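Asker: any chance you could fold what I've pasted below:
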Amino acid sequence: MGNVFSINCFGTSKKISKDENNNHSRVSGEEEEKKVIIGRKKKESVVVRGGESVLDLSPRSTVGGGGEEIYGEDCATEDQLVTPWTFSVASGYSLLRDPQYNKGLAFTENERDAHYLHGLLPPTVSSQELQEKKLMNSIRQYEFPLQKYVAMMNLQERNERLFYKLLIDNVEELLPIVYTPTVGEACQKYGSIFQRPQGLYISLKEKGEILEVMKNWPHKSIQVIVVTDGERILGLGDLGCQGMGIPVGKLALYTALGGVSPSACLPVTIDVGTNNQKLLNDEFYIGLKQKRATGQEYYDLLHEFMSAVKQNYGEKVLIQFEDFANHNAFELLTKYSTNHLLFNDDIQGTASVVLAGVVAALKLIGGTLPDHTFLFLGAGEAGTGIAELIALEMSKQTKTSIEESRKKIFLLDSKGLIVSSRKNSLQHFKKPWAHEHEPVNTLLEAVKIIKPTVLIGASGVGKTFTKEVIEAITSNNEKPFILALSNPTSQSECTAEEAYQWSEGRAIFASGSPFDPVEYNGKVYYSGQANNAYIFPGFGLGLVISGATRVHDDMLLAASESLAKQVTDENYAKGLTYPPFTDIRKISANIAANVAAKAYELGLATRLPRPRNLVKYAESCMYSPSYPNYR
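Answerer: All right, here's what the predicted structure looks like:
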């Protein structure tokens, strides 16, 4: 009991692993993962999923759902001798401790008989739906969001499919728990709540051995990697190794919202130390207790990591950068975007979701995109990334140069408006926004002089959209569009209630963190959430199902366009500029189809031939959290 058995006929059982070069498999004694009741004999499978034999599914046709992880895949090269059929059985106690295959009380009587589970479970057989109901009741009993976060993480570690079932079916309720804003608090306290490791930790100690370390990860067919160095977590600053909560949370959404198989996802934290003295003094801190490595030492480690990813997982693995500080984020994106499939979610993902909100808002505030004037508070990764994508879309619509489009967009940083007289002292990514304009020191002054129609906060500093600022922009616009994007909630430039009250109910409002509906003068106002989770799961799925080799700006525009089109008249009637998250899987499938179509159009797709219906193909590739039947 509790063992993994390998059984075969006509020869000695051997273990199987992938060869990505020819889509066949080679015999390997080291790299076999546990499989639950897997077999092949005259094309009959002992695992049934959705009534269809798993072995009849092509890995190519289910790429978005982790097809490379197909159960019992054991095709051999023509010149290689293998046994006619083989299966492995994870049974008994070990089966109950494997989150990938554990079903808890949902194991049927037949499954309990076959897999030595009698006595290890209470006699009741439960449905997955009943398990979900019980756990949601339990989670709702917790008073604090962090308690709910810990409960969800514990569930993920013991029953993976049930975790995703809860998250998919209760996305609006649980998204703020596993993602923004609760994940920020989880990262701050990660050392204290740390129980079991999630993801891959690569520190300076592993320098020169990163490829070998990467091979320690149990899953071999990785499609998406989310990586951070923890230096700029949300609006919370340097959290070092404890930033792992971000990649873990992002990849949970890749699966729940975008349908990428959890076994195809890899969270990574690059630990080069931290400059957060509070963490260095904390006995529970889990990372390197040293100041951050910088310069050549830092870039050498990142380069070794990027090289190891390509060597270990191939050309088409998607790498998503998260929460790197400005001084590294732009340089890393520029350096590696030409030879890796990668994007920076803070720069590009945020830009795509905000552009979608702006395009959708035009139906409420009127005019075309080039008719509007934009003022940003914040000129970091998010601010400049959003501004550049808006300018790109303007340029596309007006068929003018991007330099001309930038003239409608103004950015304000901690030293005031970015103007040409400051150009010599500006960081390189701010220089394109240095307009010929007199210096302006404050946001209020800038609003009064520039008279923007759209005000965007990406400063990471809370309470900066004051009553005077909101009143000033409202005095110039019938319906000002106000986006307070900074996370978590404590860092939001203003609340939904403040925006509606100070604008006398005239503002169209969206934010980075979620806000409850607001009642003002007898009317209920609903605010949209400009949440990256609208974009990156579907965006990543589109890249994966098309076999894209590079990310192009036009793909980001395609994602924005798709999201904006999915805002309905019913949503507009409530003042919303984003669709509800209850439809997020449908939204993600449409975004994936648009992104994939653009990849094919640009000649960057390698998965040929192109599927006839990309939306249906994207949906068919999505991971399902329903329990499989074990025989």
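Asker: who are the contact partners of Leu392?
Answerer: 402, 405, 553, 557 (Cβ atoms under 8 Å, 6 or more residues apart in numbering). Placement of C-beta: from N, CA and C, glycine included.
Asker: what does Asn476 give?
Answerer: Counting by Cβ under 8 Å, 6+ apart, Asn476 has contacts 447, 451-453.
Asker: out of the residues you listed, which are buried?
Answerer: The neighbour count (16 or more other Cβ atoms under 10 Å) marks 447, 452-453 as buried among these.
Asker: turn those into CSV, including secondary structure, distance to Pro537 and pLDDT.
Answerer: Below are the buried ones among the contacts of Asn476 laid out as CSV (DSSP: H, G, I helix; E, B strand; the rest coil; distance: Cβ to Cβ, whole Å; pLDDT from 0 to 100):
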residue, secondary structure, distance to Pro537, pLDDT
Val447, helix, 35, 98
Pro452, coil, 31, 98
Thr453, coil, 31, 98
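Asker: same list (the residues you listed) but as a markdown table, adding distance to Leu121.
Answerer: Formatted as a markdown table, these follow (distance: Cβ to Cβ, whole Å):
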| residue | distance to Leu121 |
| --- | --- |
| Val447 | 63 |
| Pro452 | 62 |
| Thr453 | 61 |
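Asker: now flag whichever of those is closest to Ser492.
Answerer: Nearest to Ser492 among those: Val447, at 18.0 Å, using Cβ to Cβ.
Asker: surely that closest one touches Ile470?
Answerer: No - the pair Val447 / Ile470 is not scored as a contact, 9.1 Å apart, by Cβ atoms under 8 Å.
Asker: ok, the residue most central in space within the chain to Gly367 distance?
Answerer: Taking Cα atoms, centre = their mean, the centroid of the chain lies closest to Lys250, which sits 3.6 Å from it. Distance of Lys250 to Gly367, given as Cβ to Cβ, to the nearest Å: 35 Å.
Asker: what does Ala496 give?
Answerer: 24 Å.
Asker: between the two, who's got more neighbours?
Answerer: Ala496 (26 against 9; other Cβ atoms under 10 Å).
Asker: residue contacts, that one?
Answerer: Ala496 neighbours (Cβ under 8 Å, 6+ apart): 509, 511, 515-516, 518, 525, 527.
Asker: at 6 Å instead, please
Answerer: For Ala496, the contacting residues are 509, 515, 518, 527, by Cβ atoms under 6 Å, 6 or more residues apart in numbering.
Asker: not counting its neighbours along the chain, what's nearest it?
Answerer: Phe515 (3.8 Å; Cβ to Cβ, 6 or more residues apart in numbering).
Asker: model confidence score at the one you found, please.
Answerer: Note for Phe515: predicted pLDDT of 94.
Asker: surely it touches Gly528?
Answerer: No - between Phe515 and Gly528 there is no contact under Cβ atoms under 6 Å: 9.6 Å.
Asker: surely the residue nearest to the centre of the chain forms part of a strand?
Answerer: No - checked against DSSP: H, G, I helix; E, B strand; the rest coil, Lys250 lies outside a strand; its state is helix.
Asker: in space, what's closest to it - neighbours in sequence excluded?
Answerer: Nearest to Lys250 is Val226, by Cβ to Cβ, 6+ apart, at 4.6 Å.
Asker: direction included, what does the helix or strand where the one you found lies pair against?
Answerer: Applying DSSP states H and E as the criterion places Val226 in strand 224-228. According to DSSP bridges, strand 224-228 forms sheet pairs with strand 265-271 (parallel), strand 318-321 (parallel).
Asker: could I get the average pLDDT for it?
Answerer: 98.
Asker: now do it: distance to the chain's middle.
Answerer: 9 Å (Cα atoms, centre = their mean, to the nearest Å).
Asker: same deal with stretch 608-617?
Answerer: 23 Å.
Asker: begin at 28 from now on, thanks
Answerer: Okay, using 28 as the starting number, the last item reads as stretch 635-644.
Asker: now the end-to-end length of it.
Answerer: 13 Å (Cα to Cα, to the nearest Å).
Asker: may I see the buried residues of it?
Answerer: Buried, per 16+ other Cβ under 10 Å, within stretch 635-644: 638, 641-642, 644.
Asker: taking these one by one, which sit in helices?
Answerer: The helices, defined by DSSP state H, take in 641-642, 644 from the buried residues of stretch 635-644.
Asker: with distance to Lys601 and pLDDT added, can I get those in TSV?
Answerer: Below are those laid out as TSV (distance: Cβ to Cβ, whole Å; pLDDT from 0 to 100):
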residue	distance to Lys601	pLDDT
Leu641	30	98
Val642	26	98
Tyr644	32	98
